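[1] model the following, please.
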Amino acid sequence: MNSTSLTPRTGGQILVQQLITHGVKQLFCVPGESYLAVLDALHDADIGVTVCRQEGGAAMMAEAQGKLTGQPGICFVTRGPGATNASAGIHIAHQDSTPMILFVGQVARGAMGREAFQELDYSAVFGTMAKWVVQIDDPARVPELVSRAFHVATSGRPGPVVVALPEDMLTEAATVADALPYGVAETHPGAAQMAELAQRLQSAQRPVAIVGGSRWSEQAVREFTAFAEAWSIPVYCSFRRQMLFPATHRCYGGDLGLGVNPKLLARIKASDLVLVVGGRLSEVPSQGYELFDIPTPAQPLVHVHADADELGKLYRPTQAIHATPQAFAAALHAVRPVAAVPWKAHAEAAHAEYLAWSDPAPIRIPGNLQMGEVMQHLKEVLPADTIFCNGAGNFATWVHRFWPFTTYASQLAPTSGSMGYGLPAAVGAKRLWPQREVVVFAGDGDFLMHGQEFATAVQYGLPLIVVLLDNAMYGTIRMHQEREYPGRISATQLQNPDFKAYAQAFGGHGERVERTAEFAPALARARASGLPSVLHCLIDPEAITPTGTLQGLRSAALSKS
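    Got it, this is the predicted structure:
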């Protein structure tokens, strides 16, 4: 596989060489006969291959690496059922603006259009979820189209690309040169735009900033933090983007997620300038599209985004800045106040409100296991750069509200609200950075969506820790059920396995935690085991949220009827 050689190579060999050329070090897959030629070419390639147990998990692992690095996560799956299983990861990458490339096996070219075994029209299947869907029918075009796939996945608003690979194309030989390594173009703001922003800030009385989206970096976070420090501007993180601003900073005001602090919302609504960087203000951070008026917000809005199509798409900004977060943050060094800002107390109050809201000490829930004390212990013993991973469910509130994210690339959580994401994401993180501590928060229903990937963690010796909160139900749905149909429990109860035994059966470490005092020693044993671990935490079903109970929800709903 020499890029300067023009000797014939199979489509599979050409493809693997393109991955190497574009800097791919790892990929995730579930093997299939439709791309055997690629698997054979990978045998001799310097690319780490993680074999997964289900295509949805494999796609989520790839998406997680794309989210952490800004480089496309790579996943290979087989045709038909393999592709549809992987669609959950594609949807996450789409809604989370994550660069990712899914390579999918396809039937032989001569059989296409006959509904052959496991045949699918991938443009039709993935057309609304992916930025681009392409089928490579000629091995000589592999360098061209794979290069374009990397470009599309990382440009503008990043997202997933799906590349279909007919199995006979992968065994056909061609003589073709390799492409050059892809590069990512940064769109920079103009000097006049930055001067206008400075003027708007200087004229404000109660400005706020909201950071979100992708295309950030550790340096960009540092530069934006320095900007916030200079202006004493309160900064809020978008839903599940808390790694974009340090929670310990005096300007941090909290996150715009689910069950948000009411004082946070009031402060944003009362602001007279809103600076949004990187995010789209989609449904959750906009609180059901009610935080700002559509199409024209009541507050002056400065919107910074890497994709011009997102500027004015939903909210009409007072000032639109077409720039990537990295380029915009780098340009902020020139935006400095010319006089003392009058709103320092505004920022201090915002941070004080966050500190009070995120203090787990006063939290008391029904049952013998107090999650407030659990979160306090995690804050005391885990490194600040621990990577927290979670899927979807009420359990995630414990992380989002009570863990102080202070480090870039320390949060893996789907803004799409996809269940089962936490464990595969943790595998992806540990394969990328084995030296980092990785903790999964999962619910019982959430965990078993992709619980089989615990076997993947064991196979590759990845000592991640799963804090599994078991309340024997699909808790979020039960919460809504009690609000809308109080007392009419339907299709939300679960009968669960012994998750301690589950972990041990796979060759990992398992603990059962029923009382608060049991958690700290169980965590210590798990961390010392050197094995993937599950802490099976039994939660009282009444403890549906940190501050609410099922009975309370039911009583409130019945009182309205």
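[2] can you give me the end-to-end distance of stretch 387-396?
    End-to-end distance of stretch 387-396 (C-alpha to C-alpha, to the nearest Å): 14 Å.
[3] oh sorry, the question was meant for stretch 354-371
    One end of stretch 354-371 to the other measures 19 Å (C-alpha to C-alpha).
[4] how about that stretch, which residues are buried there?
    Y354, W357, S358, P360, I363, I365, G367, L369, Q370, M371 (16 or more other C-beta atoms under 10 Å). C-betas here are computed from N, CA, C, even on glycine.
[5] which stretches of the stretch 151-300 of the chain have low pLDDT?
    Scanning the stretch 151-300 of the chain for pLDDT under 70 picks out nothing.
[6] my read: F245 touches V235, true?
    Yes - using C-beta atoms under 8 Å, F245 makes contact with V235 at a distance of 5.0 Å.
[7] is it fair to say T476 lies in a helix?
    Yes - counting by DSSP: H, G, I helix; E, B strand; the rest coil, T476 is found in a helix.
[8] who are the contact partners of it?
    By C-beta atoms under 8 Å, 6 or more residues apart in numbering, T476 lies in contact with A392, G393, N394.
[9] how about the closest residue to the second one other than its chain neighbours, phi and psi?
    The shortest distance from G393 to any residue that is not its chain neighbour, by C-beta to C-beta, 6 or more residues apart in numbering, is 4.0 Å, and that residue is G443. With angles defined as degrees, to the nearest 10, G443 sits at phi -90, psi 170.
[10] residues in contact with G443?
    Residues near G443 by C-beta under 8 Å, 6+ apart: G391, G393, N394, F395, L468, L469, D470, N471, G475.
[11] repeat that for P189.
    So, once contact is read as C-beta under 8 Å, 6+ apart, P189 ends up touching V304, I321, H322, A323, A327, F328, A331.
[12] ok, the spatially closest residue to K67 that is not a sequence neighbour - how many residues close by?
    Nearest non-adjacent residue to K67, counting by C-beta to C-beta, 6+ apart: T98, 4.9 Å away. As a burial measure, T98 scores 26 neighbours (other C-beta atoms under 10 Å).
[13] cool, A340 as well?
    7.
[14] element containing it?
    A340 belongs to no helix or strand when assigned by DSSP states H and E.
[15] how far away is it from W231?
    Remark: distance between A340 and W231 (C-beta to C-beta, to the nearest Å) = 11 Å.
[16] and the end-to-end length of stretch 199-217?
    Terminal residues of stretch 199-217 are spaced 27 Å apart (C-alpha to C-alpha).
[17] returning to that earlier point: now for F245 and V235: what residues contact both?
    When contacts are counted by C-beta under 8 Å, 6+ apart, F245 and V235 are jointly contacted by V211, F224, A228, C251, Y252.
[18] quick one: which of the contacts of P189 is nearest V38?
    For these, the residue nearest V38 by C-beta to C-beta is A327; the value is 35.6 Å.
[19] related to what we said a few turns ago, I'd like the contacts of P189 as a markdown table, with distance to R109, secondary structure and neighbour count appended.
    Below are those laid out as a markdown table (distance: C-beta to C-beta, whole Å; DSSP: H, G, I helix; E, B strand; the rest coil; neighbours: other C-beta atoms under 10 Å):
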| residue | distance to R109 | secondary structure | neighbour count |
| --- | --- | --- | --- |
| V304 | 45 | strand | 27 |
| I321 | 46 | strand | 24 |
| H322 | 41 | strand | 21 |
| A323 | 43 | coil | 24 |
| A327 | 42 | helix | 19 |
| F328 | 45 | helix | 29 |
| A331 | 49 | helix | 20 |
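[20] can I take it that R512 is in a helix?
    No - R512 is assigned strand when assessed by three-state DSSP, not a helix.
[21] correct me if wrong: it contacts L538.
    Yes - in terms of C-beta under 8 Å, R512 counts as a neighbour of L538; the distance is 7.5 Å.
[22] give me the more crowded residue out of those two.
    More neighbours surround L538 than the other of R512 and L538, with 21 against 16 (other C-beta under 10 Å).
[23] for that one, list each beta-bridge partner.
    Beta-bridge pairing for L538 (DSSP bridges): D470.
[24] and stretch 111-125, what's its mean pLDDT?
    Taken as a whole, stretch 111-125 has a mean pLDDT of 90.
[25] then stretch 138-150?
    Rounded mean pLDDT across stretch 138-150 is 98.
[26] give me the distance from that stretch to the chain's centre.
    Centroid separation between stretch 138-150 and its chain, computed with C-alpha atoms, centre = their mean, to the nearest Å, is 28 Å.
[27] can I get it in PDB, CA atoms only?
    The C-alpha trace of stretch 138-150 is given here as PDB (Å, rounded to 0.1, in the frame of the first residue of the first chain):
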ATOM      1  CA  ASP A 138     -15.600   2.100  -9.300                       C
ATOM      2  CA  PRO A 139     -12.400   1.200  -7.200                       C
ATOM      3  CA  ALA A 140     -10.500   3.900  -9.200                       C
ATOM      4  CA  ARG A 141     -12.800   6.500  -7.500                       C
ATOM      5  CA  VAL A 142     -12.100   5.400  -3.900                       C
ATOM      6  CA  PRO A 143      -9.400   8.000  -3.200                       C
ATOM      7  CA  GLU A 144     -11.600  10.800  -4.600                       C
ATOM      8  CA  LEU A 145     -14.800   9.900  -2.800                       C
ATOM      9  CA  VAL A 146     -13.300   8.900   0.500                       C
ATOM     10  CA  SER A 147     -11.400  12.200   0.500                       C
ATOM     11  CA  ARG A 148     -14.700  14.000  -0.100                       C
ATOM     12  CA  ALA A 149     -16.300  12.000   2.700                       C
ATOM     13  CA  PHE A 150     -13.700  13.300   5.200                       C
END
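[28] next, give phi and psi for M243.
    Here is the backbone geometry of M243 (degrees, to the nearest 10): phi -80, psi 0.
[29] not counting its neighbours along the chain, what's nearest it?
    Among residues not flanking M243 along the chain, Q411 sits closest, at 4.1 Å (C-beta to C-beta, 6+ apart).
[30] mind checking how far the helix or strand harbouring A528 is from the chain centre?
    Per DSSP H and E: A528 is located in helix 516-529. Chain-centre distance of helix 516-529: 27 Å, with C-alpha atoms, centre = their mean.
[31] return the set of buried residues in that helix.
    Buried, per 16+ other C-beta under 10 Å, within helix 516-529: T516, E518, F519, A520, A522, L523, A526, R527.
[32] so what pLDDT did R554 get?
    Reading off the confidence values, R554 has pLDDT 95.
[33] for it, give me phi and psi.
    phi -60, psi -40.
[34] cool, and A425?
    Main-chain torsions, A425, degrees, to the nearest 10: phi -60, psi -40.
[35] relative to C52, how far out is it?
    12 Å.
[36] check E167 too.
    Using C-beta to C-beta, one gets 21 Å for the distance from E167 to C52.
[37] F227 should be in a strand, yeah?
    No - secondary structure of F227, determined by three-state DSSP: helix, with no strand assignment.
[38] helices along the stretch 351-500 of the chain, start to end?
    Along the stretch 351-500 of the chain, counting by DSSP state H, counting those that start in this stretch, helices occupy 371-381, 397-402, 422-432, 444-447, 454-459, 475-484, 499-506.
[39] of the ones you listed, give the one that comes closest to S555.
    Checking the helices of the stretch 351-500 of the chain against S555 by C-beta to C-beta gives helix 475-484 as the closest, at 9.4 Å.
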